[in-house]
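# One predicted model, sequence on top.
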Amino acid sequence: MREFKRTDRVADQLQQELAVLIQREIKDPRLGMVTVSSVKVSRDLGYADVFVTLLGENDAERVRENLGVLKRAAGFLRSQIARRIKLRHVPELRFHYDESVLRGHHLSALIDEAVASDKRQDAADDASSEDDASQRDDDASQRGDGEPQRGDGEPR
């Protein structure tokens, strides 16, 4: 079995070329800082699903606007790719917003919150166990026995 499929190699090359082209060749001022996170090419090389993320801009309106700019520039990008990569047929580009980064940040925040909650709970448990121990010591000193007591109150 081959180690790398042709579609995977084409997808990697497309990702690299698109990242450079989007950054340097598209001059639309509405386009923010776009990162090409991954590319998936169909088996027949007819379509390439390009997943992008936006740096610091995660509201739905900005995402929609940036995807619109990229979709309008798809023909230009495809022609530039045809010049740079030797392919008999350059795949049609379909742009999608990659939400995995947002989901990752959200999950990371949830994990941090859970860890902080556990630490607060542990600190509260430690404080209450120290209070219980000092309460037992106070009870023994108030009895004035002077002898160590067993758990049932009888001298040892």
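Sure, I can see it. Numbers count the residues shown, from 1 in each chain.

# Next, residue 114: secondary structure please.
helix (DSSP: H, G, I helix; E, B strand; the rest coil).

# so how many other residues sit close to it?
Residue 114 has 10 neighbouring residues, counting by other Cβ atoms under 10 Å. For every residue, glycine as well, the C-beta is placed using N, CA and C.

# Next: the one 10 residues further on.
As a burial measure, the neighbour count of residue 124 was computed by other Cβ under 10 Å and equals 10.

# quick one: least confident helix or strand in the chain?
helix 100-143 (a mean of 78; mean pLDDT, DSSP states H and E).

# mind checking how far stretch 9-16 is from the chain centre?
Relative to the chain's own centre, stretch 9-16 is displaced by 22 Å; criterion: Cα atoms, centre = their mean, to the nearest Å.

# Please save the CA atoms from that stretch in PDB.
Extracted in PDB, the C-alpha atoms of stretch 9-16 (Å, rounded to 0.1, in the frame of the first residue of the first chain):
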ATOM      1  CA  ARG A   9      -0.400  15.300  -1.700                       C
ATOM      2  CA  VAL A  10      -2.600  17.500  -3.900                       C
ATOM      3  CA  ALA A  11      -4.400  18.800  -0.800                       C
ATOM      4  CA  ASP A  12      -1.200  19.700   0.900                       C
ATOM      5  CA  GLN A  13       0.100  21.500  -2.100                       C
ATOM      6  CA  LEU A  14      -3.100  23.400  -2.500                       C
ATOM      7  CA  GLN A  15      -3.100  24.400   1.100                       C
ATOM      8  CA  GLN A  16       0.400  25.900   0.800                       C
END
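
# Alright, calling it a day.
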